[in-house]
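In: coordinates only, sequence not included:
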């Protein structure tokens, strides 16, 4: 049976989270907006989930806006700020070339509306130079958006340095934390970060739920306009009936990920050591500087093979991907690796291996050896 190594795309749900979601589906079916006791039960669970999220980043309950996931959160943070930018004349946006498409495409949409967008190229290590990015910020900059951890390479970005450098600048700072939330939380506690996007299924919670953490300044939410209308829920930013079971699952998943972070990291590091040794045995070329990488991700190429060929070779042994899951229908090479300066044939041969604390180490060792033999290495 294949070993699942695509956890950066989505994770298997944590069993304790699954149990809680099923319990809530059965026992707490009221609408959190209703005034009776059933609605109150639902509202209490939503409040608990808000608290569980706030504990991770040092926010407050009224700063949590539940969404369908990080993609929606990114869109709300970027497109939702557009009206304020037009009203104030702040028509400049700063981001990087290695952002997720859920950031790059909303930026492109605003470019078509007259905004100017500056995208910073990463260093060959895969990290953004914070000084270069800060130098690009101007008086008319509306928003800076930088991911916490790159989804394709696992490279950790210097968001704390960027946040500190923006202390005296009058612009919004948004962080897409889909890959780092509850795994590397300390940088997200920086009060200069205005907006944080969160995804449930990246931390072993359910798919279809996430959050936008919107820190208040002087008691005011960041100047965002809603993208959808009809109901007024979530402080008027995201209308619609709250999916209480999913929200409860997100809250518990976040709490477990944060409290068990060290144990999960240790397990992932053990697997990483095994995978790096295997990569060396098959002459793999690792992409990105390894001194600032999350413990559960490796991006590599194996000379003589395209990514499609490797995926086919590994069928039944290792379930890997060739980049972001949402872009696999596109035949263009990874925009992340291209921006890092990776060239052909490594560019077309790059695959991503990503695992979790639920990955069975012994079974993985067995399948890696079988994959090595199948490659003839």
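Out: Perfect, I can see it now. Just so it is clear, the structure is predicted and the values come from calculations on it, not from any experiment.
In: only C-alpha atoms for contact and neighbour calcs from this point on.
Out: Fine.
In: Need the contact partners of the one helix or strand residue 337 maps to.
Out: Following DSSP states H and E, one finds residue 337 within helix 335-339. When contacts are defined by C-alpha atoms under 8 Å, 6 or more residues apart in numbering, helix 335-339 is touched by residues 97, 98, 99, 121, 122, 152, 287, 347.
In: and which of those residues is nearest residue 158?
Out: residue 122 (11.5 Å; C-alpha to C-alpha).
In: give the contact list for the closest one.
Out: By C-alpha under 8 Å, 6+ apart, the contact set of residue 122 is 96, 97, 98, 128, 129, 339, 340.
In: surely the third one meets residue 151?
Out: It refers to residue 98. No. The criterion here is C-alpha atoms under 8 Å, and residue 98 misses it with residue 151 at 9.2 Å.
In: who's more crowded, these two?
Out: Taking other C-alpha atoms under 10 Å, residue 98 and residue 151 do not tie; residue 98 has more neighbours (28 against 25).
In: secondary structure class for the more buried one?
Out: coil (DSSP: H, G, I helix; E, B strand; the rest coil).
In: Quick one: neighbours of the residue lying closest to it once chain neighbours are set aside, just the number.
Out: Closest residue to residue 98 apart from its sequence neighbours, by C-alpha to C-alpha, 6 or more residues apart in numbering: residue 336 at 4.6 Å. Residue 336 has 24 neighbouring residues, counting by other C-alpha under 10 Å.
In: So for stretch 37-55, what gets flagged as buried?
Out: Across stretch 37-55, burial judged by 16 or more other C-alpha atoms under 10 Å covers 38-43, 45-55.
In: same question, stretch 123-138
Out: The neighbour-count check on stretch 123-138 (16+ other C-alpha under 10 Å) flags 124, 125, 126, 127, 128, 129, 130, 133, 134, 136, 137 as buried.
In: Stretch 87-99 now?
Out: 90, 91, 92, 93, 94, 95, 96, 97, 98, 99.
In: of all these, which two lie farthest apart?
Out: Largest pairwise distance in the buried residues of stretch 87-99, by C-alpha to C-alpha, is 23.5 Å, between 90 and 98.
In: Between the contacts of residue 122, which sits nearest residue 304?
Out: Nearest member of those to residue 304, counting by C-alpha to C-alpha, is residue 340, at 21.2 Å.
In: What residues does that closest one make contact with?
Out: Contacts of residue 340 (C-alpha under 8 Å, 6+ apart): 121, 122, 123, 124, 125, 126.
In: how distant is the one helix or strand residue 78 maps to from the center of its chain?
Out: Assigned by DSSP H and E, residue 78 falls within helix 70-79. Relative to its chain's centre, helix 70-79 lies at 12 Å (C-alpha atoms, centre = their mean, to the nearest Å).
In: Can you pull out the residues in contact with it?
Out: By C-alpha under 8 Å, 6+ apart, helix 70-79 touches 67, 102-103, 106-107, 110, 143, 174, 176, 178, 195, 197-199, 210-212, 224-227.
In: And stretch 90-106, by the same measure?
Out: 71-72, 74-75, 78-79, 84-85, 107, 114-122, 128, 133, 136-147, 150-151, 335-336, 339.
In: For residue 145, give me the backbone phi and psi.
Out: Dihedral pair for residue 145: phi -130, psi 120, per degrees, to the nearest 10.
In: Dig out what it forms beta bridges with.
Out: Beta-bridge partners recorded for residue 145 (DSSP bridges): residue 174.
In: Hmm, residue 171 and it touching each other?
Out: No. If you go by C-alpha under 8 Å, residue 145 and residue 171 don't touch, sitting 10.5 Å apart.
In: How is this protein partitioned into domains?
Out: Domain ranges of the chain: 3-12+261-375, 58-239, per automatic domain parsing.
In: about what we covered before: out of the contacts of helix 70-79, which sit inside strands?
Out: Among the contacts of helix 70-79, the ones falling in strands (DSSP state E) are 67, 143, 174, 176, 195, 197, 198, 199, 210, 211, 212.
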